[in-house]
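>>> Next input, structure requested:
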Amino acid sequence: MYGLPQFRFGPTGRRLISGRGDEVCSWDAATGKLVGVVHRFGSPVLGLAYSPDGKRFAGGAANDPVPRLWDGEAGKEVAALAGHTGGLSGLFFSADGSHLLTAGWYPDCTARLWNAATGQLIAALAGHSNSISAAFSPDGRRIATGSWDKTARLWDGVTGQLIAVLRGHAGSVFGVRFSPDGTRVVTRAADATLRLWDAETGDLMAVLRGHGGYGGAFAVDPVFTPDGSYLVSGGWDGTVRLWDMRPIERNGVLRGHDSFVYDVAFHPDGEQVASAAWDGTVRLWDATTGRQMGCLEHTASKQKNHPISSVAYSRDGRQIVTVYRNFGVTLWDATTAKRQQVWRIAVGYWGADSRAVLNPAGTLVAAGSFGGPVHLWDAATGQPVATLEGHKRCSTDVAFRPDGAQLATAGEDGTVRLWDAATHEPLAVLRGHSDCVWRVAYSADGTLLASGSADKTIRLWDPRTYREVAVIPMGSVVYGVAFNPAGKRLAAGCADNTIRLLDVAKRQEVAELRGHSDYVHAVAWSPDGTRLVSGSGDGTVRLWDSLPIQERARPR
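Numbers count the residues shown, from 1 in each chain. Here you go, the predicted structure:
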């Protein structure tokens, strides 16, 4: 700011430069003695910078269009950097000390890139129409400028070539800052927002709102924590805010599996996601930050011919049941990750896989199997309760009605079967599909049952009358189906790499979610219905969020 003394130590700590009034002075840092007045600008010194290698330092003034470059040890002037047509708003060295960046006030409105060794102009960064601020990325590959013209710009840090114009702020952009790894740029503006941009492409990643008062986050430039996980901002509203960058950085993609992801599930509290894959693991993730919280390692976890095909939580979230192809079904303590029960049965084969679930009361485990039988066990004792015969070749899926009174099973034989969950008596065989039924799902109120099939349709059934309600052509094999908690939307994971969202009442598609690069094998909704999780053959888990990213990255 005008009139405030400025001080910069050289990297060796032996030399100190200061801006005092209109004078740039050099000091012996050990003795505190003035070495000399290096330059008088005739107006208040506004910017001082020492190069990281100590070979140069630079200074400029608010009302002087010619900043200066000096030898870092001798203090002799190397160059007068002529070219700006107005005063200086800031100057900065690149991290390796090879380049110097200067930024100008209105009416100059340019940044200029200089060779720090010689003072030779490399490029004039022109295009803004008002005063600007500027910054180098940590590796010097990028330059960001922000302007009172409400835009920011991204430039090549070596050549000065324009890469992108960053538009969207509704007020003057007062500052720009790179993340520690140089992959992101944050801008602060008078519209009370912070915006996060991709430093490679200039794409907008997030808008962070929360500060109030004049200029919003105008008080100081935001600062990243050293690992880039958080952003700290201070505003004229008297608050300091801490923003979680991790959900933004991940952009909903959870990576960690080494092979195809075959099943996903949301914890009942909505804060955790589980995923099962062909790498022999079930991974547990924080649903907001995307951080891996745990991993359920199965016996032959490195043998990719023994995939984990199924994962499901108990209604209270205390247990997890998984299906391990050729090894059986395992019930886990979700808190300790210890096995509680193991049932050795043939579950699935190369043509089809089976799934397992707990009933709503948490007392029964049901699982499909190779050969067709559906097995029921007592969750507490591990003892067999019933074997339900009827499906041919392989029973692929099982689902309890939300009240626990009915069990739906699906088969490779193209049928859906309904059973009385208490007596284990068959209730109905629902026919209509012409190929394997991969997944069945009840609506939250239990009035609808959806089945997704290799015949490229979804069928809706009334599980009370056992009648078919609708046939919805999908144009692709349907691997996963899930009703949202309100029962108004049905999500379908498809073989064409997409997720289709259907309006249940109208029986028609309302949205298509793209992002996976291979088939989508499973989908599941969060308990509040604001998020959808998907698992794919591309080895990733994705979180699709209906809330703005700034709400998930809320300040703490």
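
>>> Give me the residue ranges of this protein where confidence is low.
Along the chain, segments meeting pLDDT under 70 span 1-5, 213-220, 249-250, 299-305, 351, 548-556.

>>> Report the spatially nearest residue to Arg344, omitting neighbours in sequence.
In space, and not counting its chain neighbours, Arg344 is closest to Gly328: 4.4 Å by Cβ to Cβ, 6 or more residues apart in numbering. C-beta coordinates here come from the backbone N, C-alpha and C atoms, glycine included.

>>> show me what contacts the one you found?
Listed by Cβ atoms under 8 Å, 6 or more residues apart in numbering, the contact set of Gly328 reads Val342, Trp343, Arg344, Ile345, Val347.

>>> Return the distance of it relative to Ala346.
8 Å (Cβ to Cβ, to the nearest Å).

>>> for Leu427, same thing?
Computed as Cβ to Cβ, the Leu427 to Ala346 distance reads 26 Å.

>>> ok, back up a step: of all the contacts of Gly328, which two lie farthest apart?
Within those, two members stand farthest from each other by Cβ to Cβ: Val342 and Val347, at 11.9 Å.

>>> who's more crowded, the two?
Using other Cβ atoms under 10 Å as the criterion, Val342 and Val347 rank with Val347 on top: 26 against 14.

>>> contacting residues for the more buried one?
Going by Cβ under 8 Å, 6+ apart, Val347 touches 309, 323-329, 353-354, 356, 367-370.

>>> repeat for His267
Contacts for His267 were tallied using Cβ under 8 Å, 6+ apart; they are Val273, Ala274, Ala287, Tyr313, Gly317, Ala334.

>>> and with 7 Å instead?
Residues near His267 by Cβ atoms under 7 Å, 6 or more residues apart in numbering: Tyr313, Gly317.

>>> Ok, the one 4 residues further on next?
For Glu271, the contact set (Cβ under 7 Å, 6+ apart) comprises Asp286, Ala287, Thr288.

>>> do Val311 as well
Val311 sits in contact with Asp263, Ala265, Ala274, Ser275, Ala276, Val282, Ile320, Thr322, where contact means Cβ under 7 Å, 6+ apart.

>>> ok, and the most crowded of these?
Ala276 (32 neighbours).

>>> which SSE is that one in?
In the assignment (DSSP states H and E), Ala276 maps to strand 272-277.

>>> ok, so what distance separates the closest residue to Asp258 other than its chain neighbours from Ser259?
Excluding its sequence neighbours, the residue lying closest to Asp258 (Cβ to Cβ, 6+ apart) is Asp279, at 4.0 Å. Distance from Asp279 to Ser259, counting by Cβ to Cβ: 4 Å.

>>> now do Leu166
Per Cβ to Cβ, Leu166 is found 38 Å from Ser259.

>>> ok, Gly42 - how many residues close by?
9.

>>> what do you get for Gly404?
Here the number of neighbours of Gly404 (other Cβ under 10 Å) works out to 17.

>>> Does it touch Gly362 like I think?
No: judged on Cβ atoms under 7 Å, Gly404 makes no contact with Gly362 at a distance of 9.8 Å.

>>> tell me the domain boundaries of the protein?
Here the domain parsing of the chain from automatic domain parsing is 6-250, 309-552.

>>> Now render those as a markdown table, adding distance to His298.
Shown next, in a markdown table, are the domains of the chain (distance: least, Cβ to Cβ, whole Å):
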| stretch | distance to His298 |
| --- | --- |
| domain 6-250 | 26 |
| domain 309-552 | 5 |
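
>>> Check which helices and strands the strand holding Ala276 sits against.
strand 261-266, strand 281-286, strand 308-313 (3 or more Cβ pairs under 7 Å, 6 or more residues apart in numbering; DSSP states H and E).

>>> Thank you, goodbye.
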